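>>> Need the 3D shape of this:
(one chain, ligands or ions: 1)
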Amino acid sequence: MPIRVLSASNDPGLAHSRELLLLDQGCEVKTSLSKSHAQELIQSHPFDVLVFGNSLTPDVCQELAKDFRARNRQGKIVEVHLAHWDPPMSQPDAITIGPEELIAAIRDFAEQVSEPSDQDGLVRSLPRVGLNAGEITCPHCQILLVMDAVMDSITKVQDCPNCKKAFLVVNDPPVDPCLS
Ligand SMILES: [Zn+2]
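This next block holds a predicted model:
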């Protein structure tokens with residue numbers, strides 16, 4: 001999956017060349033040319049990376065950073081600066097000078113984003129509960145739950161509607177009485 005980048009800028013010329021640069025790297029790019037447009041995009045599209053151009057003011061960056069992080073905690077923010085002594089405008093994950101550094105930072109983030117999640121490890125660590133004639137008992141709060149759907153899979157992650165904690169439903173095949 002291509003990394004999704006929002007490039008925020010106030011300068012149409014710089015924004016355009018940055019968009020071409022990022023497209024060339026295989027990124028999916030949207031460009032905003034105003035704070036309100038950036039906010040609209042943040043609310044309506046998922047982004048992995050937010051790039052702040054140096055034409056933005058620290059006030060705008062901080063506001064957009066807040067909106068962006070509220071939408072995507074794992075999202076990364078890159079600031080494009082003109083010089084190493086420029087102070088950061090928000091709390092960026094990276095500060096880059098020039099296109100090479102920007103590309104390197106985005107590649108870095110793309111690797112982190114594409115790392116396999118620990119979904120399997122998470123599932124293995126959940127408490128297991130046997131399905132008993134369509135009923136299960138929540139291992140966290142001991143409430144009795146009736147499963148409304150017949151499960152075709154053997155195991156299933158279920159959130160308790162009462163305590164909201166997850167557990168693993170194990171649907172053991174029926175025991176053949178002739179075998180016991
Ligand atoms: Zn519960």
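>>> Contacts only, for Val29.
Applying C-beta atoms under 8 Å, 6 or more residues apart in numbering, we find Val29 in contact with Val5, Leu6, Ser7, Glu19, Leu22, Leu23. Any C-beta I mention is one placed from the backbone N, CA and C, and that applies to glycine too.
>>> so where is the chain shaky, pLDDT-wise?
Scanning the chain for pLDDT under 70 picks out 114-122, 148-154, 172-180.
>>> what's the farthest-apart pair in the contacts of Val29?
Across the contacts of Val29, the longest distance by C-beta to C-beta is 13.4 Å; it joins Leu6 and Leu23.
>>> got the residue ranges for the helices in the protein?
Assigned by DSSP state H, the chain shows helices spanning 12-24, 35-44, 58-71, 98-114, 119-124.
>>> Looking at those helices, spot the one closest to the ion.
helix 119-124 (17.6 Å; C-beta to the ion).
>>> Flag every buried residue along stretch 25-39.
Buried residues in stretch 25-39, counted by 16 or more other C-beta atoms under 10 Å: Gln25, Cys27, Val29, Lys30, Thr31, Ser32, Leu33, Lys35, Ala38, Gln39.
>>> repeat for stretch 140-149
Across stretch 140-149, burial judged by 16+ other C-beta under 10 Å covers Leu145, Met147.
>>> could you check whether it is close to the ion?
Yes. If you take C-beta under 5 Å from the ion as the test, stretch 140-149 does meet the ion, through His140, Cys141.
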